[in-house]
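>>> this one's structure only:
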DNA sequence: ACTAAAGCCTGGCTGC
DNA sequence: TGCAGCCAGGCTTTAG
């Protein structure tokens, strides 16, 4: 499930692989992937554009085009990009295809149809709905303990739910929230405005730390044309989860059984002893 | 202005 | 072996 570290790797890999390439044509196979466009307008707007570079904001992958447009994409749960020669058969659930001059094509595949694409004028990129309220990037100076303290104080929601809110802290998903709370030894059920001052700095460090650690464990996105069925993100970070998915396993610190609870319809994993 | 819950989806898994 | 039902979760929309 792509959270910030996975999206970071996807954007970096795509930047290496498709920067400078010209989109000679494109095909939107599932119209709802891009709700503001029709199959025709999607193709028309992108035709002839060259990809300047690919970058990331929050969990969005952004293709900066030389036509003063940006293609904003969100992988949601199962979205992924594949770079394949045109003669290769299209994989199931291919919802958008971008054809390049050199007989390769970039495919957006999304088994669960949650993904999103939007074509935006680059000059108004930051005002677009998906980006305008996003919290500061976790690795920016703007995101710091003081900021965290201020936004926490304004919310009465359980901390777990608060941390999933991309307008408060961006880039975390269900996995890294559980991991961050375990590392900083905070109970996921505590209300955001009840987080004690002495816990703010540890929480801040845990968020940055877990994201950085995951990025460093990842390898490149698998877009090897010969290996379409191989692993997607590469890396092995899932083997390093401390609590996520570890229900009834012993806590790595104190051997207490890890507990799974449901908050806002999603699993939260935590150690009831370490995270009082 | 706020929060809770439903909805979007497919495929893998469980239990009968 | 088949099939119903549940589960995974990022984010938006709707209802309260």
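Perfect, I can see it now. Everything quoted here is computed from the prediction, not taken from an experiment.
>>> Mind telling me what element residue A:269 is part of?
strand A:266-270 (DSSP states H and E).
>>> Kindly report the residues of the stretch 151-276 of chain A close to DNA strand C.
Contact residues (Cβ under 7 Å from any atom of the strand) of the stretch 151-276 of chain A with DNA strand C: A:164, A:166, A:173, A:174, A:175, A:265, A:266, A:267. (Glycine included, C-beta is placed from N, CA and C.)
>>> let's see 6 Å
A:164, A:166, A:173, A:174, A:266, A:267 (Cβ under 6 Å from any atom of the strand).
>>> Identify the farthest-apart pair in the residues you listed.
Greatest spatial distance among those (Cβ to Cβ): A:166 and A:267, at 18.9 Å.
>>> Settle it for me: which of the two has more neighbours?
Under the criterion of other Cβ atoms under 10 Å, the comparison of residue A:166 against residue A:267 puts residue A:166 first, with 17 against 14.
>>> was I right about that one contacting residue A:132?
No. Shown here, residue A:166 and residue A:132 do not form a contact pair, counting by Cβ atoms under 8 Å, at 11.5 Å.
>>> quick revisit: can you give the distance of the strand holding residue A:269 from its chain's centre?
Relative to its chain's centre, strand A:266-270 lies at 19 Å (Cα atoms, centre = their mean, to the nearest Å).
>>> So it, near DNA strand B or not?
No. Using Cβ under 6 Å from any atom of the strand, strand A:266-270 stays clear of DNA strand B, coming no nearer than 9.0 Å.
>>> what about the residue in chain A positioned nearest to DNA strand C, how many residues close to it?
Using Cβ to the nearest atom of the strand, the single residue of chain A nearest to DNA strand C is residue A:173, 2.9 Å away. Residues near residue A:173, counting by other Cβ under 10 Å, number 20.
>>> which phi and psi does the closest residue in space to it that isn't next to it in sequence have?
In this structure, residue A:173 finds its nearest non-sequential neighbour in residue A:3, 3.7 Å apart by Cβ to Cβ, 6 or more residues apart in numbering. Main-chain torsions, residue A:3, degrees, to the nearest 10: phi -120, psi -170.
>>> that older thread, check the residues of the stretch 151-276 of chain A next to DNA strand C against DNA strand B and report the nearest one.
Nearest to DNA strand B among those: residue A:266, at 9.0 Å, using Cβ to the nearest atom of the strand.
>>> For the closest residue to residue A:250 other than its chain neighbours, which residues are in contact?
Ranked by Cβ to Cβ, 6+ apart and with sequence neighbours excluded, the top spatial neighbour of residue A:250 is residue A:257, at 6.6 Å. Contacts for residue A:257 (Cβ atoms under 8 Å, 6 or more residues apart in numbering) come out as A:248, A:249, A:250, A:251.
>>> got the residues you listed as JSON lines, with distance to residue A:82 columns?
JSON lines is the format used below for the contacts of residue A:257 (distance: Cβ to Cβ, whole Å):
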{"residue": "A:248", "distance to residue A:82": "37"}
{"residue": "A:249", "distance to residue A:82": "34"}
{"residue": "A:250", "distance to residue A:82": "39"}
{"residue": "A:251", "distance to residue A:82": "39"}
